[in-house]
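# what's the 3D shape of this:
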Amino acid sequence: MNLKKGTSMKAKKIISIALAIAMLLMTPTQAVFAEGQQEVTEDANIEIKNADFQKMETTENVPDVTLYDEKINNDTVEENQETEITQQTDKLNYVVVNKKYIEQGDEQQIVVSVGNGITVEAATLNYHRVSDGKTYQAEMTQSNEEALMFDISYVKNAETGEYQLDSLDYSVSGENRKIEFSEAGIDAKYGVNTEVKTDADAQISNPDSSSDNEIVEDVVSFDEEGNQISENSIEEAIAAQQADSTKSRAVASDTKTKNVVVVLDPGHDATHAGAIGVNGLREEVLTLKIARYCKEELQQYSGVTVYMTRESEACPNPGTSSTNDNAKRVAYAKSVGANVYVSIHMNSGASGAHGAEVYYPNSNYRSDIGVEGNKLASKVLEQLVALGLYNRGVKIENSGTGDTYADGSLADKFGVIRGSKNAGFPGIIIEHAFITNSSDAAFLSNENNLKRLGQADAAGIVNYFGLTKGTWIQDSTGWWFRNADGTYPANQWAYINGAWYHFNTAGYRENGWITLNGVRFYLEADGRMVTGWKQMEETWYYFDGSGAMRTGWLQLGSTWYWLDNDGKMVTGWKSFGRYWYYLGPSGNMYVGNCSIDGKRYQFCDTGYVVDSWIYQDGIWYYCNSDRTYVKGFKKIGSATYYFNDKEQMATGWQNINDSWYYFESSGVMKTGWLLLNNTWYWFENDGKMVTGWKRVGAYSYYFEKNGAMCIGKKTIDGKSYDFGTSGGILTGWYIKDNAWYYTKDDLTMAVGMNQIGKNKFYFESNGRMVTGWKYVDNNWYYFDSMGAMRTGWLQLGNTWYWLESDGKMATGWKDFGPYWYYFGASGNMYVGNCSVESKRYQFCNTGYVVDSWIYQNGIWYYCNSDRTYAKGFKQIGGATYYFNDKEQMATGWQNINDSWYYFEGSGVMKTGWLLLNNTWYWLENDGKMKTGWKSFGNVRYYFEQSGSMVTGVRTIDGQKYDFGADGVCKNVQSGWNLENEDWYYIIDGSPKKGWLLLGNTWYYLDSSTGIMRTGWVNVNNQWYYMDSNGAMLTGYQKIENQWYYFNKSLKKIPNGALGYTGVTPIMGTSTLGKDRVTVVQKIVSHYTASGKLYPSNALNGVGVLGGTGGAQYCHFL
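Numbering: from 1, shown residues only. Prediction:
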């Protein structure tokens, strides 16, 4: 490649650097646009050896790079050009477009170099879409002195079209500057889902691996004086000119590179100490040990270079804060070309917290880095969990202070993760365990465990990058691969020397078709996994980057393919439900207007046949989405067309099924009026030509058998008509003297009630249409301003009326579901407080009866919304009221169903304490007046039959009590007391609670209320049974046809807890169970094994133990 004459030495150097950057960072195809200089220098040609860009001997991917020179005639420089260049502050060195073709889900990267030795503070790239002129801007994401990087994402939305770069706005030392690319002769373009042609100054191609051309080994660059210097390799050229880029260096397991750079960061250091844990464990000491073990393990693998941010306990960046130290560590990782940044840490927290967790980048700003970080974190955590550490998961943590990335999205919280993402590679933080947890700390106190942690970290990294080590070996069975440690891969994938292989369960390399977990792969004869297209037996298959055979839809570039369930590429017609597609001989899905087997079809942008017009040989056809051509009538859009038996669109007069139709020259079926050769025709909505009588609007017309409209005088069926010159006889509605009239179809005038269309109208005897109220046959009706009879609700002014479905005005009561309304004699709906039939009701503003208080003749009533007046107790709001048989609200004392209640003057039923005429009463929650004893906790009162509270000394049931002045019982009868059908046991004036022993009998008194319990009782999760007198039962008891045994002894609790159900514990429980049969059998076995015999009198003739008699004997309980 030669640059045009006139390019300066400095420009030459920058361009060479740009080419090196392009080789390192970009993927095919790229374009490099360079502005030429107007100064003339002899022998200024710059040659890159083997400028034909023949095959380079390297396993690296060498991208297509295109270099564009300024299109300026060096012999003619006009004055105005010279002036513009003078005004332009800085020289435009070059523009690099990473990809000339972008697809959905991809990202464009553009590098612009301006000036020489300047520092650009901010920059905006301006560009537009060629098709519609829509303009866009991209902000600078990275810079390295005068080299500026711009990222344009098409991950979420791909806007199809051709894009052209226009200009650059940038600032240097606070001064705003601008460069127009067109003035520099730069015509830089790229396409989104669109192929574009660019005018390249130079191009580096990704060579065909099968090429036999001469190998290019050198990359050319130039020194400051313009002298040509050659590096021995692309890598050395790049190392000499380190390029700053945000291109992610993360390498996923299915896109391996020749060499991987891993930077290990032992968290903290002696200056910036970490957490201190159990037994004096120090985080910065442990992280360094683990990192060393991790590095030691990784270095056993080929294709990986490992760096550490610190090799000792000292801070690698003395004199810095913790934040700046971490930033410098990330910067160091970037300087060595890191693919990943792994920060090793220990966790701390509450003593109960334990286990391992790994933090990875969020999906903001650079979602690809977040995805790769998640993969790496998951691989590492998987290995740590395998060591027995508790799985706390892989996690992200966003900034809690609102920090954002360059695109304004929320940033990650941790500085090393955020810095790594900005540098273009994923950073993760491994929190191995909690040094504040005794169990985790014990694990960390063992040096061998620290080594295992480092090896686990390494294993996760190895699995992520697919690193391998070992040698290929062939024996009589086949090929296998021996790892450095003597092991070999079996029943798994292995990435070896840039290719994927699969080994069977015996460890031998496989080839041909294999199926793994339902996914098919194809391996070449040498075992290499196939990716991309592969033809086998005249059938094409496609395998994606993971090697998986693709089925279903496949998009490559802008072309779609369909692969059936067997993976075979489909050609010809293919249907999916009601959608039809056509795949060409090469499998490409057809789009647009295409000819197939002599017929044309219209395919939409997504590939299926759509309803469309087809013009062929001067004739119009219409093709349906099911591929059929239309015959007969077809509605297209809002118009109707007809296609004959040859599928051709009809025009003019057509007789179809004995009816005449007329189709315009466009094919549209005519409806309504048609004037043809001074004759009028009428066509119905279905297109049929009308003959005979037809009413159109307010006029009636007559059409001859040939469809022609009659005019003038005409006798029809013996009647004479005058159609005049317009052909219409007025029928239907017409206005006369400001009044409306209606002529019926039989040409008679409408009078009385008439149904016209959907409405009823009323006409006076003279035919005049009525509006407003009309009294007809003892009923009122209402007709609106258009004369239509109204039904349902009607509002006139502020008054509402109800008109039945037949239009009659309603009066009296009317219910609508649960709602009741009342309409007066004039039909007016009642609202407010009104008297109806000597009773008052409350009507709401919308007219229906509502629950309401009614005050009438000095008495309060309550009316329900169903019109009934309340009787008996009634809950209103939060209060209770009572209404007697006369529906009157009660006040004062009331005896209701032999119980006394008290209602305040407001009618509210009283509950609780009541002081009346210096006498206290107690009214229960249901309002009933209390008599007899009443306890409130440990306080007791007594109320007379009149309900009055007792005070002073009083003898009750033969026992003397002192109630004092406040009514509180000062002394209570000790022993058993019966209150409200419940028994209590009083000791020292208070009810006993819990266990009570009287004589040899145990009782249980409720722990809360002191009430004596009967029946089953659960105390401290032990079951007891109390008889009807409250006495606790013990021993073997039959309760409800079930045997129970009560004799369990527990501390501080009486013997008597439930021990067994259905069996005696005489010999203890059996490990086989504790049911009666099982335990008896255990007793029999025990005594049979002893060989002893019981005396015959004890056996009572039942025989020796071990026989039937023994079982009967052991069943004595």
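
# now do the longest strand belonging to the chain: which elements does it pack against?
With secondary structure taken from DSSP state E, the chain has its longest strand at strand 161-172. Secondary-structure packing of strand 161-172 (3 or more C-beta pairs under 8 Å, 6 or more residues apart in numbering; DSSP states H and E): strand 92-97, strand 107-114, strand 122-129, strand 135-144, strand 175-180, strand 189-192. (C-beta placed from N, C-alpha, C; glycine too.)

# of these, which is nearest residue 983?
With respect to residue 983, and counting by C-beta to C-beta, the nearest of those is strand 107-114 at 85.3 Å.

# list the buried residues of that closest one.
The neighbour-count check on strand 107-114 (16 or more other C-beta atoms under 10 Å) flags 107, 108, 109, 110, 111, 112, 113, 114 as buried.

# chain center to that strand, what's the gap?
Centroid separation between strand 107-114 and its chain, computed with C-alpha atoms, centre = their mean, to the nearest Å, is 35 Å.

# restrict that strand to CA atoms and write it as CSV.
Taking C-alpha atoms only, strand 107-114 is exported to CSV below (Å, rounded to 0.1, in the frame of the first residue of the first chain):
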residue,chain,number,x,y,z
GLU,A,107,-21.6,-2.5,18.4
GLN,A,108,-19.8,0.0,16.1
GLN,A,109,-16.5,1.5,17.2
ILE,A,110,-14.9,4.5,15.6
VAL,A,111,-11.5,6.0,16.3
VAL,A,112,-10.7,9.5,15.2
SER,A,113,-7.1,11.0,15.5
VAL,A,114,-6.6,14.7,15.5
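
# winner for burial among the helices and strands packed on strand 161-172?
Of the helices and strands packed on strand 161-172, the one with the most neighbours on average (mean count of other C-beta atoms under 10 Å) is strand 92-97, at a mean of 25.

# which is the succeeding secondary structure element to that one?
strand 101-102 (DSSP states H and E).

# so what touches that following strand?
Residues from elsewhere that reach strand 101-102 (C-beta atoms under 8 Å, 6 or more residues apart in numbering): 29, 108, 154, 158, 190, 191, 192, 193, 194, 195, 196, 557.

# what residues does the second one make contact with?
Right, residue 108. Contacts here follow C-beta under 8 Å, 6+ apart; on that basis residue 108 touches 97, 98, 99, 102, 151, 152, 153, 154, 190.

# now that we're looking at the residue positioned nearest the centre of the chain, what pLDDT does it have?
Within the chain, one residue has its C-alpha closest to the average C-alpha position: by C-alpha atoms, centre = their mean, that is residue 363, at 15.4 Å. Residue 363 carries a pLDDT value of 94.

# and for the one 5 residues further on?
Confidence at residue 368, expressed as pLDDT, is 94.

# helix, strand or coil for it?
With DSSP: H, G, I helix; E, B strand; the rest coil as the basis, residue 368 sits in helix.

# which residues are in contact with the strand or helix carrying residue 455?
For residue 455, the element it lies in under DSSP H and E is helix 447-465. With C-beta under 8 Å, 6+ apart as the contact definition, helix 447-465 has outside contacts at 251-253, 256, 260, 262, 286, 289-298, 301, 304, 339-340, 342, 344, 375-376, 379-384, 386-387, 430, 432, 443-444, 467.

# looking at the contacts of strand 101-102, which is nearest residue 845?
residue 158 (59.5 Å).

# what's the burial count for residue 732?
The criterion is other C-beta atoms under 10 Å. On that basis, residue 732 has 16 neighbouring residues.

# now it: how far from residue 749?
Distance of residue 732 to residue 749, computed by C-beta to C-beta, to the nearest Å: 12 Å.

# hmm, back to that, how about the residue nearest to the residue nearest to the centre of the chain when sequence neighbours are not counted, what does it touch?
Across the structure, with C-beta to C-beta, 6 or more residues apart in numbering as the measure, the residue nearest residue 363 apart from its sequence neighbours is residue 370 (4.2 Å). Taking C-beta under 8 Å, 6+ apart as the contact definition, residue 370 lies against 360, 361, 362, 363, 364, 396, 421, 426.

# closest to residue 312 out of those residues?
The closest of those, once distances to residue 312 are taken by C-beta to C-beta, is residue 426, at 26.6 Å.

# what's the closest one sitting at in phi/psi?
The main-chain torsion angles of residue 426 are listed as degrees, to the nearest 10 and equal phi -80, psi 140.

# quick check: it vs residue 393, distance?
Residue 426 is 17 Å from residue 393, where distance means C-beta to C-beta.

# which one of those two has more residues nearby?
A direct count of neighbours by other C-beta under 10 Å for residue 426 and residue 393 places residue 426 higher, at 30 against 12.

# burial count for residue 101?
Each residue near residue 101 was counted by other C-beta under 10 Å, and the total is 17.

# gap between it and residue 162?
Distance of residue 101 to residue 162, computed by C-beta to C-beta: 11 Å.

# what touches both of the two?
Common neighbours of residue 101 and residue 162, using C-beta under 8 Å, 6+ apart, are 190, 191, 194, 196.

# farthest-apart pair in these, please.
For the shared contacts of residue 101 and residue 162, the maximum inter-member distance is 8.9 Å, found between 190 and 194 (C-beta to C-beta).

# nearest residue to residue 1004 in space, please, no chain neighbours.
Once flanking residues are discounted, residue 1004 sits nearest to residue 1013: 4.8 Å by C-beta to C-beta, 6+ apart.

# does residue 607 touch residue 588 like I think?
No. Taking C-beta atoms under 8 Å as the contact criterion, residue 607 and residue 588 are not neighbours in contact, 9.8 Å apart.

# more neighbours: which of these two?
The residue with more neighbours, out of residue 607 and residue 588 and counting by other C-beta under 10 Å, is residue 607; that gives 22 against 17.

# doesn't residue 669 make contact with residue 663?
Yes. Using C-beta under 8 Å, residue 663 is in contact with residue 669, at 5.5 Å.

# okay then, goodbye and thanks.
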